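Asker: Provide a 3D model corresponding to the input given below.
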Amino acid sequence: MSSVVGIVEDNKKIRGLIQRYLDMQDELSCPVAVDSVEEMVEYLEEHPAPEVLLMDIQLPGMSGIKGMGVIKEKYPDIDIIMLTVYHDSHKIFNALRAGASGYLLKHTSLPEIKESILKLLDGGAPMSPQIARKVINHFQENAPKKNTDSDLTPREHDIVNGLVDGLSYKMIADRYDISIDTVRAHIRNIYKKLHVNSKAEVIAKSLKGEI
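Answerer: As a prediction, the model looks like this:
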């Protein structure tokens, strides 16, 4: 069964191109592609939620970053990948803090967009190389401060280490000889304890030494 993807993009040509491409893939389907957050919210009220949303930042009406918070509050299980021209650090980190599970630049090829969606569905946190470099540089420039108040269990620390290593949920389960459902349960507990909404935020906190 194919995984369902939605698109929020105000450029009609880009929106249509990505939608047609994703609909041609055996693993994916894209029944909804709209030009604003408001339209997507209306769609979600009437239809089953997609597993993944590709969302621009600069949109008519509500911005993609603000809209992500609105959507994640009501539909926390939707993973959102930002697909945008913006690569300044301020927007990148605002998006990650708001709950983005990935961040791609618009020059990303269609096959790479597909692979990023599949990576996300398998537990990854896809980022364009340029974005990943900015994230790494940011954490290297800021001295880590160890926070011992996160109250993660030893097993939850194992799960975090797996995420930082780029492992999928299945690979984490195999590494620690536990079920994927157990991994997902640990992930939910980690999110609650760290007050975050995405794998990218967990990885960021770990790289900053805050866990």
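Asker: immediately after the host helix or strand of His157, which helix or strand?
Answerer: In this assignment (DSSP states H and E), His157 forms part of helix 154-164. Toward the C-terminus, helix 154-164 is succeeded by helix 169-176 as the next helix or strand (DSSP H and E).
Asker: next SSE downstream of that following helix?
Answerer: helix 180-194.
Asker: list the buried ones in that following helix?
Answerer: With burial defined by 16 or more other Cβ atoms under 10 Å, the residues of helix 180-194 counted as buried are 182-183, 186-187, 189-191, 194. Using the backbone N, CA and C atoms, a C-beta is placed for each residue, glycine as well.
Asker: quick one: the helices in this structure?
Answerer: Under the criterion DSSP state H, helices of the chain are mapped to 12-23, 37-46, 64-74, 89-98, 110-121, 129-141, 154-164, 169-176, 180-194, 199-207.
Asker: what score does the most centrally placed residue in the chain have for pLDDT?
Answerer: Nearest to the mean C-alpha position of the chain, by Cα atoms, centre = their mean, lies Ser101 at 1.1 Å. On the pLDDT scale, Ser101 is placed at 91.
Asker: residues in contact with it?
Answerer: 79-81, 120, 125-126, 198-200 (Cβ atoms under 8 Å, 6 or more residues apart in numbering).
Asker: circling back: a markdown table for the buried residues of helix 180-194, including pLDDT?
Answerer: Shown next, in a markdown table, are these (pLDDT from 0 to 100):
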| residue | pLDDT |
| --- | --- |
| Thr182 | 95 |
| Val183 | 94 |
| His186 | 95 |
| Ile187 | 94 |
| Asn189 | 94 |
| Ile190 | 94 |
| Tyr191 | 92 |
| Leu194 | 91 |
